[in-house]
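Engineer: here you go, sequence then predicted model.
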Amino acid sequence: MGAPFRLDVPVRTGKPRRTGLTHVLDKGMPVALAAEVLETCGPYVDVWKFGWGTAYLDPGLTPKLALLADHHVLGCVGGTLLEVAWAQRRVDDLLAWAAATGFPCVEVSRGAPAAAMGVADKAELIALAAARFTVFSEVGSKSPGFPAPAEDWAAEVAGDLDAGAAWVLAEGRESGTVGIFDESGEVREKVVDAVVAAAGIDRIVFEAPSKDQQAWFVVRYGPNVNLANIAPAEVLGLETLRLGLRADTMSLSCPVRR
Amino acid sequence: MGAPFRLDVPVRTGKPRRTGLTHVLDKGMPVALAAEVLETCGPYVDVWKFGWGTAYLDPGLTPKLALLADHHVLGCVGGTLLEVAWAQRRVDDLLAWAAATGFPCVEVSRGAPAAAMGVADKAELIALAAARFTVFSEVGSKSPGFPAPAEDWAAEVAGDLDAGAAWVLAEGRESGTVGIFDESGEVREKVVDAVVAAAGIDRIVFEAPSKDQQAWFVVRYGPNVNLANIAPAEVLGLETLRLGLRADTMSLSCPVRR
Amino acid sequence: MGAPFRLDVPVRTGKPRRTGLTHVLDKGMPVALAAEVLETCGPYVDVWKFGWGTAYLDPGLTPKLALLADHHVLGCVGGTLLEVAWAQRRVDDLLAWAAATGFPCVEVSRGAPAAAMGVADKAELIALAAARFTVFSEVGSKSPGFPAPAEDWAAEVAGDLDAGAAWVLAEGRESGTVGIFDESGEVREKVVDAVVAAAGIDRIVFEAPSKDQQAWFVVRYGPNVNLANIAPAEVLGLETLRLGLRADTMSLSCPVRR
């Protein structure tokens, strides 16, 4: 690659990461494209979520999971699929299927109003899933308009970890306009503070689909903040944000000199 | 694929579909990528529109049309290309070219102010095209700011069907902020009601590029509503909406139990 | 391809273009996908920018640059990478690396507040880079909120050209909501007029990521206006805008007949 060229950039954690996770949202991408994406940015991807119920339809599930394993990326069943299975009293079937198919992770959420899962139901589900899988729980409703107070977030986060979740996702959806964000996409700082206080920064993963949101978390919590709902095409861009190689976070690579 | 796992989901129509159409908008995608997309979600795609005038430039037209035929997907010339040909008095050339190239469908619209096509001109064009092609007509202006009253929409829809259109597209563009939507992307319900009354729900195809718009139509009209201007990368996501496998439409797979 | 079919469309410049440039923004795309994109729209792409600091991480740099050379497209190092190198006093290393790697172009910007580069520093950097590379300079801050007055833009544009820039980019970012645009994405016409007056339309390249912005420039300055920050997936779409084959610019292919 020619002459050596090194910049001073923040130190990043390596795989298998406990912090500094990049958690990607797959909406039903072709396997061949997933292979190309991972060829380019595999070292920066830790978790690959088959968004909501797409795993139920994706014809490339088996080769994709093999590909993810090759790149040391954890494949994860979306939380909505589990919510549907729960509402239809088929959780055991779903977990057996996920294990047989080769998923190392499942997400447990109670975000869909139609499922009407309670906090206690969710804790039970987390404990059940955690016996066989790495569990990402998710806190926060998927509906805008009636945001829960910060105390409720904190209590549910603590309960999820007690029940056996490895990490807790703070809801932002693919849109970045609900949960930890208001309808314009701005961060609801009180909620963020509350979940960090409840879980510690290492066990919270913030869903932050937009670049401005990602930059906000990187500037506030540093290069190794856990971030989720990253579009596959944005992984390399996020990595540059973490390293201070984009204008929005350049203070990380270029501290002010006086 | 491991243990059997089945959920209760709404019944979907199959190919060749008369209702439940998913009509995709191609903005000039590489052939190889189109092949990967169809490998993943071919069974859920019914029509593939070469958006506006892209068919005039796309170097992969012939292999793409062959690929679409293999997947039982109807390739369609964009309406704007026909509008330009009409304004330049070259409609016969365009239709001859489309037939020779292997397009089974053409779209007939009068959305571009520069073409200034009248309703009668359009009906004539539909009749001419319908002699050789499956015709999708389109109703609604592409310009924001002066939305037509619902009665005008209804009259034009009825006229298009009389002239020979197989289905009528209700305009929303790639942006989802004109035609049947206001500038913020909200559905203009009066217009939607009027076109459904005029044509029947089976012969209307709603252009609904955003997830919230798609969910609105699925909740209102059920899993087999016809939807258009779907991005190729969103087809599997739309199919999960139709099946109640995303939070926004989960009431379809999880009816409330009391 | 069947029957001959030709429309009257505006005359476009050809490669190597001095005007009518399409300047693409790569955010870290896989090499195989870049190859597919260039297969489809290579003749319409003139410059391929490795956005901000992505070139520092992109594992496909060498094959991508070879591919770009095959398609007569100029590969360009993003300006932010140079800003970081400058702030870390490693500009010579960066330029040596860029030359050895095979970049024909570099961008020189001073858009990141953290770098705090002055106008004179920038002119010096342009002169240094121009000895070995085709230089695109960039004018305009990447931060919203405090837009510079039009006179300041004009002075910096003139200074950049004097220092040796081949073209000057007018800042719009990937978002299209800063620099020459206000926060809603509307064009700041006074700034546009000032930079055109300072440089002449042929040497200004407008960053215009959204379709509405692209259409505005094409309608105002004609099919051969220089446009930048085009997403790879939108290149064919932009070419249809330039040729009057999309509703927004159809007046270019269909002048009003009276």
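Structural biologist: Noted; the coordinates are in hand.
Engineer: okay, CA-based contacts and neighbour counts for the rest of this
Structural biologist: Will do.
Engineer: tell me the secondary structure for A:Glu107?
Structural biologist: Of the three states, A:Glu107 takes strand under DSSP: H, G, I helix; E, B strand; the rest coil.
Engineer: ok, A:Gly51 to chain C distance?
Structural biologist: Remark: distance between A:Gly51 and chain C (C-alpha to the nearest C-alpha, to the nearest Å) = 21 Å.
Engineer: check the offset of the particular helix or strand that has A:Leu95 in it from the chain's centre.
Structural biologist: Here A:Leu95 sits within helix A:91-101, counting by DSSP states H and E. Counting by C-alpha atoms, centre = their mean, to the nearest Å, helix A:91-101 is centred 21 Å from the centre of its parent chain.
Engineer: show me which residues of that helix are buried.
Structural biologist: Within helix A:91-101, the residues that qualify as buried are A:91, A:93-95, A:97-99, counting by 16 or more other C-alpha atoms under 10 Å in any protein chain shown.
Engineer: wait, A:Lys190 touches A:Ala150, no?
Structural biologist: Yes: using C-alpha atoms under 8 Å, A:Lys190 is in contact with A:Ala150, at 6.3 Å.
Engineer: who has more neighbours, these two?
Structural biologist: A:Ala150 (17 against 13; other C-alpha atoms under 10 Å in any protein chain shown).
Engineer: residue contacts, the more buried one?
Structural biologist: A:190-191, A:194-195 (C-alpha atoms under 8 Å, 6 or more residues apart in numbering or on different chains).
Engineer: partner residues bridging the residue most central in space within chain A?
Structural biologist: Centroid-nearest residue in chain A, with C-alpha atoms, centre = their mean: A:Ala228, separated by 3.1 Å. A:Ala228 has the following beta-bridge partners by DSSP bridges: A:Glu207.
Engineer: ok, it touching A:Gly20?
Structural biologist: No: using C-alpha under 8 Å, A:Ala228 is not in contact with A:Gly20, being 10.5 Å away.
Engineer: contact residues of chain A facing chain B?
Structural biologist: Residues of chain A lying near chain B by C-alpha under 8 Å from any C-alpha of the partner chain: A:27-33, A:52-54, A:57-60, A:62, A:80-81, A:84-85, A:87-88, A:90, A:93-94, A:96-97, A:100-101, A:111-115, A:142.
Engineer: what segments of the stretch 1-150 of chain A are helices?
Structural biologist: A:31-41, A:61-70, A:79-87, A:91-101, A:119-130, A:150-163 (DSSP state H, counting those that start in this stretch).
Engineer: for the fifth one, what is the average pLDDT?
Structural biologist: Which is helix A:119-130. In this model, helix A:119-130 has a mean pLDDT of 97.
Engineer: for it, which helices and strands make contact with it?
Structural biologist: Helix A:119-130 sits against strand A:105-108, strand A:134-139, helix A:150-163, with contacts defined as 3 or more C-alpha pairs under 8 Å, 6 or more residues apart in numbering or on different chains; DSSP states H and E.
Engineer: redo that, cut-off 10 Å
Structural biologist: When contacts are defined as 3 or more C-alpha pairs under 10 Å, 6 or more residues apart in numbering or on different chains; DSSP states H and E, helix A:119-130 sits against helix A:79-87, helix A:91-101, strand A:105-108, strand A:134-139, helix A:150-163.
Engineer: CSV for these, including mean pLDDT?
Structural biologist: Shown next, in CSV, are the helices and strands packed on helix A:119-130 (pLDDT from 0 to 100):
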stretch, mean pLDDT
helix A:79-87, 96
helix A:91-101, 97
strand A:105-108, 98
strand A:134-139, 97
helix A:150-163, 95
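Engineer: nearest spatial neighbour of the closest residue to chain C within the stretch 51-200 of chain A, skipping sequence neighbours?
Structural biologist: As assessed by C-alpha to the nearest C-alpha, chain C sits closest to A:Ser184 within the stretch 51-200 of chain A, at 12.7 Å. Once flanking residues are discounted, A:Ser184 sits nearest to A:Thr177: 6.1 Å by C-alpha to C-alpha, 6 or more residues apart in numbering or on different chains.
Engineer: who's in contact with that neighbour?
Structural biologist: If you count contacts by C-alpha atoms under 10 Å, 6 or more residues apart in numbering or on different chains, A:Thr177 has them with A:142-144, A:171, A:183-187, A:208-210.
Engineer: near chain C, which residues of the stretch 151-258 of chain A are found?
Structural biologist: A:211, A:232-241, A:243-257 (C-alpha under 10 Å from any C-alpha of the partner chain).
Engineer: give me the buried entries from these.
Structural biologist: Buried among those (16+ other C-alpha under 10 Å): A:232-241, A:243-254.
Engineer: which ones among these map onto helices?
Structural biologist: In this view, these that belong to helices under DSSP state H are A:235-241.
Engineer: in three-state terms, how would A:Gln176 be classified?
Structural biologist: Not quite, residue A:176 is Gly, not Gln. coil.
Engineer: separation between A:Val168 and chain B?
Structural biologist: In terms of C-alpha to the nearest C-alpha, A:Val168 sits 19 Å off from chain B.
Engineer: that residue touches A:Ile126, doesn't it?
Structural biologist: No: counting by C-alpha atoms under 10 Å, A:Val168 stays clear of A:Ile126, with 11.1 Å between them.
Engineer: quick check: neighbours shared by the two?
Structural biologist: A:107-109, A:135-137, A:160-161.
Engineer: save these as a markdown table, and put in neighbour count too.
Structural biologist: Shown next, in a markdown table, are those (neighbours: other C-alpha atoms under 10 Å in any protein chain shown):
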| residue | neighbour count |
| --- | --- |
| A:Glu107 | 28 |
| A:Val108 | 28 |
| A:Ser109 | 29 |
| A:Val135 | 26 |
| A:Phe136 | 29 |
| A:Ser137 | 30 |
| A:Asp160 | 29 |
| A:Leu161 | 21 |
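Engineer: residues touching A:His71, list them.
Structural biologist: Per C-alpha under 10 Å, 6+ apart, neighbours of A:His71: A:35, A:38-39, A:41-46, A:65.
Engineer: among the residues you listed, which are in reach of chain C?
Structural biologist: Within the contacts of A:His71, those near chain C by C-alpha under 10 Å from any C-alpha are A:35, A:38-39, A:41.
Engineer: neighbour-wise, which of the residues you listed leads?
Structural biologist: A:Cys41 (23 neighbours).
Engineer: please tell me I have it right and that one contacts C:Thr54.
Structural biologist: No: the criterion here is C-alpha under 10 Å, and A:Cys41 misses it with C:Thr54 at 11.2 Å.
Engineer: which neighbours do those two share?
Structural biologist: A:236-237, A:239, C:28-29.
Engineer: between these, which is nearest chain B?
Structural biologist: Among those, and counting by C-alpha to the nearest C-alpha, the member closest to chain B is C:Met29, at 13.4 Å.
Engineer: tally of neighbours for that closest one?
Structural biologist: 24.
Engineer: which non-adjacent residue is nearest it?
Structural biologist: A:Ala233 (6.9 Å).
Engineer: I'd say the one you found and A:Val45 touch.
Structural biologist: No: counting by C-alpha under 10 Å, A:Ala233 does not reach A:Val45; the two are 11.5 Å apart.
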